[in-house]
Structures are given as structure tokens and as C-alpha cells.
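Novice: Mind folding the following:
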Amino acid sequence: MNQVLDIVTSKKLTYEQKVMSLAHAAEDTLSILRIPEKTRYYFEINAIDDLYEGHAPYRPRYIMPDYEKFIKNGSAFLQIDPPEDLDELLNSLMILYKHVPSITGFPVFLGNIDKLIEPFLDGVSDEKAKKKLRLFLNYLDRTITDSFCHANIGPEATRAGKLILELEKELQNAVPNFTLKYDPDITPDDYAELGIHTSLFVANPAFCNHQVHKKTYSTDYGISSCYNILPICGGAYTLSRITLPGLAQVATSNEQFLHELLPDCLDALGNYMNERIEFLVEQSGFFESSFLVKEGLIHPDNFIGMLGITGLAECTNILMGESGKRYGHDTEADDLADQIMTIISEFVAQFPAKYSKIANGHLMLHAQVGMDYDIGITSGVRIPVGDELENVYDHLRHSARFHREITTGCGDIFPFETTGRNNPSAILDIVKGAFSLGSKYISFYEENSDLVRITGYLVKRSEMEKYKNEQVVLQGTTHLGAPNYDHNQLKERKVRGV
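Specialist: Reported below is the predicted structural model:
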């Protein structure tokens, strides 16, 4: 009750943020998941984390509707006919987005947005199209007040994508995140360079390795939330994680960690995820009641369970002990990290996940990007801030080594000097080289830009300052970003030159 009263009387939350917080508090009064003592122990030592999913799963964590099908058929439930022009398209999408749930309460995926818009630009001048798209993009930023939200463009160059990139530079919006699906065999250099140039003003778009990700599922993929690679017309039931440093802290030896603790903790996590999935599918009623299912915009067979990992760097450094050898810098440390990743990926490949047809009955691995309460824990498999490799190419070679087993999202973030804006072709060469090595996702921002990437989401420095000064801010992700930015000293990320 004290928690509820704190929410009700908060002067730092908007009305909408209070309503969502109260709903989460109500959900957590339930205790319906069967959690064995062993699993509870791993929760207590901060080795397992449910990432605020709540105690009673009543909607999938991430939902990836088939927006192309919606445009073709309209929606009987929403009483929307198939759109016939640009105005009707944008209005229809705005209505549908309001009704797409997720863990955040907002849609986390807005579709391959350039391809949705492109057919409706015929006969519309750039000037008129930009006016309409500007209103649309501002609507998204002001109503989806959570930056765990992605829209995708590419890999083909489109007029719609070009207009969006030009507008993003002007608007400086934090929502949505944009990802450019990049394929050097498809994406023209000038189009990719426009994306890089834009990102060095607004930290948007990020770049994903389309050649790798297009092979992940039997259906098309989209990027959602914190660059989660998920099947369109489906999504993710759940994302729970193993926080590796918490587990390493209780290890008595490297051998015990590798051969006893880690497999046991993973098994506990897998069973916990199955418990969540089972309740969602069999008892919550979501798939029976959702119009998204009834109208074929999502299908239960296209959902997966995401097993996240975080803190590989700190885990490795703890286990290396007094030797002082560090993840990213010493062969012995990286080899140990490789052993850890091999055990995790082999577990994921064999553990039987419930209701996961598109993943062949297994969970899928994700480099989880961190939370506001992660102090001294580096996201996913990244090298810690302040300990980055001096040479960006060496850094990317290291990244590629640890990206290889991670199927549902893994990326790196690079601030660049202001002069990088003058040489996007050089940064594109970095992208090409990284992706040729197997790196899967890269994002950039300029060292002094207002918009910065915290982990996989965008926050404005100016909004973080308002929040720190006890002011109400529009986007709830600012509440997460501000402490994360300070706790993990993200201001100290190594700035790269070209």
C-alpha cells in the first residue's frame, strides 16, 4: 500500500505514468507462477532477473504485427477500411498503434515503415509528403512516450526512407528508434551515408546486419524495443535474463562456475521462462481475445522466448581474479568468456521451450542491454565503458567474436567526434568491415548531441537534466536513462575519430 501511495502522490510522474505504474503494482500483488526454491535463490543473488515483467503475464512482452496485411485488408475490429491515400494510411496506422500492447504499454514495433509508406507517395510532392510525415512523426514521439519503440527502413533505398531521414535530423525526436537494415549488396552507399549523417545529429538510425538477420526465421524479421530481432506476425513471449556477475560472485572456482553453477542457473531460468510462457498461452486468454490474432496480424506459432545475458565482461573479470587479466584485453580472459558463451549457447540450443514453433521448440539468445539498477554491470557482451579498445577495428573484431551466437539482438554503441559528420563514407567503411566479420548491430551518435543512446534506447540529455531537477518529463524511459547514464558513466564512452 505504501508503494501505491508513493505512486499516487508522486510529483515526478505524469498522469499516464502513474496509471501504468499502478497497473504494474496491482499485477505484482498476485503470486501465480510456480517458482522453486532454487530459482528463488538465483533471484536473491541477482543472477536471474525478470526485467519488470510482473508476476502475472497477460500479454506477450514484444508484439510484431504484420502491418502490410493490415494495410491490405484494413481491420473489422477497428472499423478501418484499407487505406487509399497517404492521409488514410497515416491515420490508419496511428489508430492501430494505439491498440498494439507490449511490456511497456506502447507498441515496440511500428513496422518496415518506409515500405508501408512508399506506395502511397505516388503523385505527392516532397513538400506535401514532408508536411504530412512531419505531423505523423511528431504524433508518434508525443504519444508513444517510451523510447523502447522501433521503426525499420531498408535495405532498399526508398523515397519514403529518404524523407524520413531528412525529417528526423530536423525534428530531433527520441521516438521511434529507427534501424536501417543494411546490406552492401542492396543498400546504395549514398543512402547508407545519409543514414550515418543523420545519426551523427540525432543518434538515429542504427544499422543492422541484414545479411545475417534475414536468415534467423522462416518469416520476415523486424527490430523492436532494444534492437530485438523478432519474427514479424509474432514476437516474444518473454525476455528474462541471467546476470552473469551475480552468479560469478558466489563461485568457488572457475571450474565450479562453468560446470555446476552456470548450467544449474540456466536450467532454473529456462524452467522459469517456460512457466511464464505456459501461463500466458494457457491461462491469460490473450491469444483467444486479441483482434490481432483473429485478423491474422499476429500468430501464436510465431512467438519465441528470449533468454538474455548481461555482464559477460564483469563476470569474466571476476573469475580471472587476482591475475588482473581483463575481458577485451587479454587472450586468457577472452577465451574464458568464450567458454561461458559456448555453455550458454549450447544450453539454449537443447533446452525444450514451450510453444515456440518458429524457434524449433527452443529459446533464443539475446544480449540484454541493461537496466537502470545495473550498477557496474556492462550490457550484454560489450566491453565496459572506460576500458574500450583503443583501435576501433580491434574493438569490432572483439565484438564480432561474441556476437556470433546471439540470434535475437546484440549491438555496440560508438560516439564519434563532431568531425565525423563531414565524413560519413569513412564510417560506412567501418560498418562494412564490422558486418563482414559478423558483427550484427551498430549505432552511432555525435559526442555533443542532445540525443544519446543509453543502451538500446534514446534519451535526450536535456530531458535527463529536467528529471534530475525533479521536473516532470514526457517519456518514461527518461526515468530509466538518467540513472543508467550516471551509474555506468556513459558520458565517458570512448569517442572515436575518422
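
Novice: Scan the chain for its longest strand.
Specialist: Taking DSSP state E as the assignment, the strand of the chain that covers the most residues is strand 234-243.

Novice: Check which helices and strands it sits against.
Specialist: Here strand 234-243 touches strand 48-49, strand 62-64, strand 228-231, helix 262-282, strand 303-310, going by 3 or more CB pairs under 8 Å, 6 or more residues apart in numbering; DSSP states H and E. From N, CA and C alone the C-beta is placed, and that goes for glycine too.

Novice: In terms of pLDDT, where does M1 sit?
Specialist: For M1, the model assigns a pLDDT of 68.

Novice: any idea of the mean pLDDT in the longest strand of the chain?
Specialist: 97.

Novice: So what angle separates the directions of it and strand 303-310?
Specialist: An angle of 30 degrees separates the directions of strand 234-243 and strand 303-310 when computed by axes from the mean of the first three to the mean of the last three CA atoms, to 10 degrees.

Novice: returning to that earlier point: dump the helices and strands packed on strand 234-243 into TSV; add distance to G433 and mean neighbour count as well.
Specialist: Compiled in TSV, the helices and strands packed on strand 234-243 are given as follows (distance: least, CB to CB, whole Å; neighbours: other CB atoms under 10 Å):
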stretch	distance to G433	mean neighbour count
strand 48-49	34	23
strand 62-64	30	29
strand 228-231	21	28
helix 262-282	33	20
strand 303-310	26	28
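
Novice: May I see these arranged in TSV, with mean pLDDT as well?
Specialist: Compiled in TSV, the helices and strands packed on strand 234-243 are given as follows (pLDDT from 0 to 100):
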stretch	mean pLDDT
strand 48-49	96
strand 62-64	98
strand 228-231	97
helix 262-282	98
strand 303-310	97
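
Novice: how about those, which one is nearest T29?
Specialist: When the helices and strands packed on strand 234-243 are compared for distance to T29 using CB to CB, the nearest one is helix 262-282, at 15.9 Å.

Novice: can you list contacts of the helix or strand following that closest one?
Specialist: Counting by DSSP states H and E, the next helix or strand C-terminal to helix 262-282 is helix 286-289. Among residues not part of helix 286-289, those counted as contacts by CB atoms under 8 Å, 6 or more residues apart in numbering are Y58, R59, P60, L280, V281, V293, P300.

Novice: hang on, the earlier thing: ok, which of the helices and strands packed on strand 234-243 comes nearest E346?
Specialist: Taking CB to CB, helix 262-282 is the member of the helices and strands packed on strand 234-243 nearest to E346, at 9.4 Å.

Novice: right, and Y457 touches F148 too?
Specialist: Yes - proximity of Y457 to F148 meets the contact threshold set by CB atoms under 8 Å, at 5.4 Å.

Novice: Now do the shared contacts for the two.
Specialist: Counting by CB under 8 Å, 6+ apart, the residues touching both Y457 and F148 are S225, C226, T477.

Novice: closest to Y445 out of the helices and strands packed on strand 234-243?
Specialist: Taking CB to CB as the criterion, Y445 comes closest to strand 228-231 out of the helices and strands packed on strand 234-243, the separation being 20.1 Å.

Novice: So which elements touch that closest one?
Specialist: The elements that strand 228-231 packs onto, with contact taken as 3+ CB pairs under 8 Å, 6+ apart, are strand 62-64, strand 221-224, strand 234-243, strand 303-310.

Novice: Now with 6 Å, please.
Specialist: Helices and strands touching strand 228-231, by 3 or more CB pairs under 6 Å, 6 or more residues apart in numbering; DSSP states H and E, are strand 62-64.

Novice: So which residues make contact with the strand it packs on?
Specialist: For strand 62-64, the surrounding residues in contact (CB atoms under 6 Å, 6 or more residues apart in numbering) are 100, 102, 108-109, 222, 224-225, 228, 230, 232, 234-236.

Novice: do the same with stretch 208-225
Specialist: With contacts defined as CB under 6 Å, 6+ apart, stretch 208-225 is touched by 62, 64, 108-109, 148, 150, 152, 155, 179, 181-183, 229-232, 358, 407, 435, 440-441.

Novice: go on, stretch 142-149?
Specialist: Around stretch 142-149, the neighbours that count as contacts under CB under 6 Å, 6+ apart are 104, 106, 108, 174-176, 225, 457-458, 474-477.

Novice: my guess is S21 meets L5, correct?
Specialist: No - contact status for S21 versus L5: not in contact, 11.8 Å apart, counting by CB atoms under 6 Å.

Novice: who has more neighbours, these two?
Specialist: For S21 versus L5, neighbours defined as other CB atoms under 10 Å are more numerous around S21 (19 against 9).

Novice: Tell me which other helices or strands the host helix or strand of the more buried one touches.
Specialist: Using DSSP H and E, S21 sits in helix 15-27. In this structure, helix 15-27 makes packing contacts with helix 2-9, judged by 3+ CB pairs under 6 Å, 6+ apart.

Novice: angle of the helix it packs on against helix 15-27?
Specialist: An angle of 170 degrees separates the directions of helix 2-9 and helix 15-27 when computed by the same axes, to 10 degrees.

Novice: Just the buried residues of helix 2-9, please?
Specialist: By neighbour count, and taking 16 or more other CB atoms under 10 Å as the criterion, the buried residues in helix 2-9 are I7.

Novice: and L110, how many neighbours?
Specialist: The tally of other residues near L110 (other CB under 10 Å) stands at 25.

Novice: I'd like the numbering to begin with 31 instead of 1 from here.
Specialist: Shifting the count to begin at 31 puts that one at L140.

Novice: Show the pLDDT at it.
Specialist: Value for L140, per-residue pLDDT: 98.

Novice: In JSON lines, list the helices and strands packed on strand 264-273 along with distance to T39.
Specialist: Written out in JSON lines, the entries for these read as follows (distance: least, CB to CB, whole Å):
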{"stretch": "strand 78-79", "distance to T39": "28"}
{"stretch": "strand 92-94", "distance to T39": "32"}
{"stretch": "strand 258-261", "distance to T39": "35"}
{"stretch": "helix 292-312", "distance to T39": "32"}
{"stretch": "strand 333-340", "distance to T39": "33"}
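
Novice: The contacts of stretch 238-255 in strands, which ones?
Specialist: Of the contacts of stretch 238-255, the ones assigned to strands by DSSP E are Y92, M94, F139, H180, N182, T209, K211, Y212, I259, L260, P261, Y471.

Novice: hmm, which two among these are most spread apart?
Specialist: Taking CB to CB as the measure, the ones in strands among the contacts of stretch 238-255 reach their widest spread between Y92 and Y212, a distance of 22.1 Å.

Novice: quick revisit: quick check, nearest of the contacts of stretch 172-179 to N518?
Specialist: For those, the nearest to N518 is Y487 (13.9 Å; CB to CB).

Novice: secondary structure element for the residue nearest to L366 when sequence neighbours are not counted?
Specialist: Beyond its immediate neighbours in the sequence, the residue positioned closest to L366 (CB to CB, 6 or more residues apart in numbering) is T346, lying 5.5 Å away. In this structure, T346 sits in helix 342-350 according to DSSP H and E.

Novice: buried residues in the very next helix or strand once past that helix?
Specialist: Using DSSP H and E, the helix or strand that directly follows helix 342-350 along the chain is helix 361-380. Burial within helix 361-380, assessed by neighbour count using 16+ other CB under 10 Å, is assigned to 363-364, 366-371, 373-375, 377-378.
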